[in-house]
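# Starting from these lines, generate the structure:
(chains A and B)
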Amino acid sequence: MSLPAPRKKRRIHFDDDEGPKRSHSISSSPSTPLQKQREQLPIAKERDALIREIRENDVTILLGETGSGKTTQVPQYLLEAGLAGKGMIAVTQPRRVAATSLAARVAAERGVKLGSLVGYSVRFDEICGADTKIKYVSDGMLVRELLSDPLLSRYSVIVLDEAHERTLRTDFLIANLKSIQVKRKQATDVKGKGKCTSSAVNPLKIIVMSATLDAEKFSRFYHNARILYVKGRQHPVKIFYTAVNQTDYVDSALRTFFQIHLDQPPGDVLIFLPGQEDIESLEKSIKMHAKRLPVLVSLMYASLPPSQQARIFSATPPQTRKCILATNIAETSITIPGIKYVIDTGKSKEKRYLSKDTGGGFDTLLTRDITKASAMQRAGRAGREGPGFCFRLYTEEAFNNLAAASEPEIRRCSLTQSVLELKCLGQDLETVEFMDPPDINSVVAALKTLWILGALDDSKTLTPLGRQMASFPVEPYLARIILASSTHECTSEVIDIVSMISSSSKLFLDISDQRDAIASARSKFRHPSGDHLTILNTLRAYQEMAETENKSSRKEWCKQHFLNERTFTEALKIRDQLRVTCGRVGLDWRASKKDSEDPVLRSFTVGLVQQSALLQPDGSYKQLMGRSVVKIHPGSTLADKKVPAIIFDELVYTNQIYARGVSSVPRSYFNGATPAIPNGS
DNA sequence: TGGGGATTT
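Predicted coordinates for the structure are as follows:
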């Protein structure tokens, strides 16, 4: 290791600052009755004013600091005030785990069984009944509901929580709810005059809840809707900045950690870093310098094996300080108890989709400065259980120059799926009023992709094929592959692979210093054509093993092969869902050409025609549709192989443009794969 | 030779 031991004279100097303070709710003592706890929440004082405002206005913006209790209390206030009427109250959340745990909490507060008065609905998991009035839902779930019920008529109030996160799906809902509210108002007016007796369409109330100062923007979008503020309940977090800019944030983090470790009272430390590589490097440095002063180092990032993730929750032994090195997974998704000190490098990795008019576009993954909102969120992690400290490895001036909030996803993501969903609702992304309009190039790229996939015709009209594609809960290109498998009679195999690809957890675990062992453990699954059929082999091996083995041996088998069992369990749920959808659109999911790989690869080529490249005379791969030279990702079974043509699941630009999820196909498969393939170029 | 984080009738 090249990092020198931290020495006194090279201490990093932090300026003391009385500025931004932020922290989180005090967890209530378990002996207090739930009703008492409810009354003590900061929002309880505002109850009557809140109900009055919401009753009088169609849209309300609620700016509530963390710990105010808005997410659990507002729906109950609405219910108690009779504002739900005959309909339901929906509360959207960007993350499924939030939706399920909030529902459980609110059910407990009301003393009812989960799934009766209070329920939740997320993918694969719904606990609701005929008497459910408050329903916590993932934002994606409500988008899907919109496709079958364009007026969302079951709901009388829709609460969009965590709106400041600006997920693609929340923005999609914000835009649609605005026009739904108008339509439902018109329907109610007409009904009131006795001209309509059919449906029971009731007016819709919208409540947008946000934790940052974006409230004005939400208000402007909804005709200057009233903004209500609710204070949070927080422990103070003292913020420190560096006196000068740091050039090496990993080295700065190391020095700062030891300054805390040597000089400061007990308390665990959480260090925010951009990615796995920095985390592993800092882990080595800390361990090397911590010989005499015990430190328990644990790591936290999404692709870390679950068994190692669990370590961050273990109790810290006496006389030891726990130090957690994490990506921004610890910013919102995971709460770690016992943190008193936060070290913030001010960096994170950000994925951004670059649409190219020449091809399918690609994702970039670059280390960037965080936003002010993110910096405040990180600092808040030090004050959950008591007063805390946050050391920012940048100057106060640098903080002041950070962007207030990150760009909404609608300006960073591929819009292919959203355009298809809007087409199903009879709308166009070009004309729908969004809070932040998408980049026109992204819209054009999405339209082009959908046209190439056959979802839209030459006049941008939704085709029957496109409607079928939209009914599958996977990305349009994967839906196209499933539909193509019907022609090639291999839907069974294709659905197996598509389920694995669309699982959110990575199948192949990676531990940097065990790469050789990993490669040999997995070699038996390897298929010569590449990653798609290798995934199929792996799934088949898992299922064969799972038929006879119990839970702990299954876990052991996955560990031996460095595979993530969560990927299999999630994929099997997705597969069930896809099989049901196949039945609904008239596909036979049992169709199989046993052990014949050609039909499978032919089906994939239909959906991946935009994600393909041809071998050039100089040995490089160049996009079939597009001008970029791409390299096969080192993690692929085809890395370093030269084959005439490849198809791939995605392109990621880091240092080079890498193709991931790669298979080799004959060039002839591209002939007539879709009507859109340019001749001979 | 390399992987921020969510999510889908």
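# and stretch A:572-592, how far out from the chain's middle?
Taking the mean C-alpha point of stretch A:572-592 and that of its whole chain, the gap between them comes to 25 Å (C-alpha atoms, centre = their mean, to the nearest Å).
# Let me know the average pLDDT across it.
For stretch A:572-592, the mean pLDDT works out to 95.
# got it, and stretch A:202-215?
88.
# wait, does stretch A:156-164 contact DNA strand B?
No. Applying C-beta under 7 Å from any atom of the strand, one finds stretch A:156-164 separated from DNA strand B by no less than 10.8 Å. To be clear about C-beta, it is placed using only N, CA and C from the backbone, and glycine gets the same treatment.
# what's in contact with that stretch?
For stretch A:156-164, contacts defined as C-beta atoms under 8 Å, 6 or more residues apart in numbering pick out A:70-71, A:74-75, A:78, A:83-94, A:98, A:139, A:142, A:152, A:170, A:173-174, A:177, A:202-212, A:214, A:218, A:373, A:405.
# Quick check: residues of the stretch 201-350 of chain A near DNA strand B?
Neighbours of DNA strand B within the stretch 201-350 of chain A, by C-beta under 7 Å from any atom of the strand: A:274-277, A:301-303, A:327-329, A:333, A:348-350.
# Taking those, tell me the two that lie furthest apart.
Across those, no pair lies farther apart than A:E277 and A:S333, at 20.3 Å, counting by C-beta to C-beta.
# Look at A:W451 and tell me its secondary structure.
In three-state terms, and counting by DSSP: H, G, I helix; E, B strand; the rest coil, A:W451 is helix.
# er, A:D363 actually
A:D363 carries the three-state label strand when classified by three-state DSSP.
# With A:C323 instead?
Going by three-state DSSP, the secondary structure assigned to A:C323 is strand.
# need the contact list for it.
Per C-beta under 8 Å, 6+ apart, neighbours of A:C323: A:F257, A:H261, A:D268, A:V269, A:I271, A:I286, A:V295, A:L296, A:V297, A:S298.
# Surely the fourth one touches A:K322?
Just to be clear, that refers to A:V269. Yes. A:V269 lies in contact with A:K322 (C-beta atoms under 8 Å); the separation is 7.2 Å.
# gap between A:L422 and DNA strand B?
For A:L422, the distance to DNA strand B (C-beta to the nearest atom of the strand, to the nearest Å) stands at 14 Å.
# just to revisit the earlier point, in a markdown table: the residues of the stretch 201-350 of chain A next to DNA strand B, plus pLDDT and neighbour count.
As requested, these are exported to a markdown table (pLDDT from 0 to 100; neighbours: other C-beta atoms under 10 Å):
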| residue | pLDDT | neighbour count |
| --- | --- | --- |
| A:P274 | 93 | 23 |
| A:G275 | 90 | 16 |
| A:Q276 | 88 | 18 |
| A:E277 | 88 | 12 |
| A:Y301 | 88 | 19 |
| A:A302 | 82 | 14 |
| A:S303 | 77 | 15 |
| A:T327 | 92 | 22 |
| A:N328 | 88 | 21 |
| A:I329 | 88 | 15 |
| A:S333 | 77 | 14 |
| A:S348 | 92 | 21 |
| A:K349 | 89 | 17 |
| A:E350 | 85 | 17 |
